[in-house]
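[1] whatever this is, show me its structure:
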Amino acid sequence: MEFNEFEDCVAFINLLDDREFVIKYKHMLDSKFEELVKWFLFNYMKITNRPIPPVALHKRKVNLLSLYLLVAADGGYKTVTTENMWPAIAKDLGFDYGDGDYMRTTYAMYLDILEYYYNFNQFQRKVQDKEVVVEEGRLTGSHQEVSKNAEDAQQGSAGMEQAALFTRIDDEDWSKGKRRKRFNFDYARWAVEEANQSVLDRSRKHNLV
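    Got it, this is the predicted structure:
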């Protein structure tokens, strides 16, 4: 697949809904997703000052596809930020909990704007579909149906900007998309310290014996 227009990006992103397909061809999709992001930023948005793939301060590359999928699985950028799950996202990607803010920044710089345009594209299609239904209603003389769909389309247009900010999860499934509770970084750090101390205490007891 080549990326020559934004519709190509939409088609590729739609493929990512098939998790079995993603798991089977993950290695190939990693590089292709980087191509997508590069084309979108460099050619579509004219943003050419961001290295792809992004590299953390400790010279480790961030897998953009894995980052995209993990955030989507936890409800999207807004939910992950609200629920303070970026440290967990960082850990899932093989980084430290302390790299959570870097992951949030990376997502915002590389993927959030892509997601915005994707959802805006999907919303436009829904509006167009409603307009077609309205037109068909006029042709059949269904005045009541026309009014209802026209009103829905108008309300949808008014909320277009807000709707485009969310991931492609229906409102009723929004809470279901959150697989993890609010991440408590202080508790995680305390748990690690406690575990380390426990190992040291056992080691001392063993040496005394």
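
[2] where do the helices of this structure begin and end?
    6-15, 19-24, 26-38, 64-73, 77-82, 86-92, 100-110, 112-140, 143-158, 160-163, 185-208 (DSSP state H).

[3] give me the neighbour count for residue 54.
    As a burial measure, residue 54 scores 21 neighbours (other CB atoms under 10 Å). Heads up, the C-betas are built off the backbone N, CA and C, glycines and all.

[4] residue 110 is in contact with that one, correct?
    Yes - contact between residue 54 and residue 110 holds when scored by CB atoms under 8 Å: they sit 6.3 Å apart.

[5] for the helices of the chain, which has the smallest mean pLDDT value?
    Lowest mean pLDDT within the helices of the chain: helix 160-163, at a mean of 36.

[6] quick check: neighbours shared by residue 54 and residue 110?
    Common contact partners of residue 54 and residue 110 (CB atoms under 8 Å, 6 or more residues apart in numbering): residue 64.

[7] can you pull the contacts of residue 100?
    Residue 100 makes contact with 86, 87, 88, 89, 90, 185 under the criterion CB under 8 Å, 6+ apart.

[8] give me the distance between residue 11 and residue 88.
    Going from residue 11 to residue 88 by CB to CB, to the nearest Å gives 31 Å.

[9] more crowded one of those two?
    More crowded of residue 11 and residue 88, by other CB under 10 Å: residue 88, with 23 against 11.

[10] for burial, what's the neighbour tally of residue 12?
    Residue 12: 16 neighbours (other CB under 10 Å).

[11] that should have said residue 3, apologies.
    By other CB under 10 Å, 19 other residues sit near residue 3.

[12] rewinding a little: which pair in the contacts of residue 100 has the greatest spatial separation?
    By the measure CB to CB, 89 and 185 form the most distant pair in the contacts of residue 100, at 12.0 Å.

[13] tell me which of these two has more neighbours.
    Neighbours were counted for residue 89 and for residue 185 using other CB under 10 Å; residue 89 has more, 24 against 14.

[14] got the contact list for that one?
    Applying CB under 8 Å, 6+ apart, the residues near residue 89 are 67, 70, 71, 74, 80, 100, 103.

[15] and the residue lying closest to the last one once chain neighbours are set aside, what does it touch?
    Among residues not flanking residue 103 along the chain, residue 90 sits closest, at 4.7 Å (CB to CB, 6 or more residues apart in numbering). Contact criterion CB under 8 Å, 6+ apart gives 96, 97, 98, 99, 100, 102, 103 as the residues in contact with residue 90.
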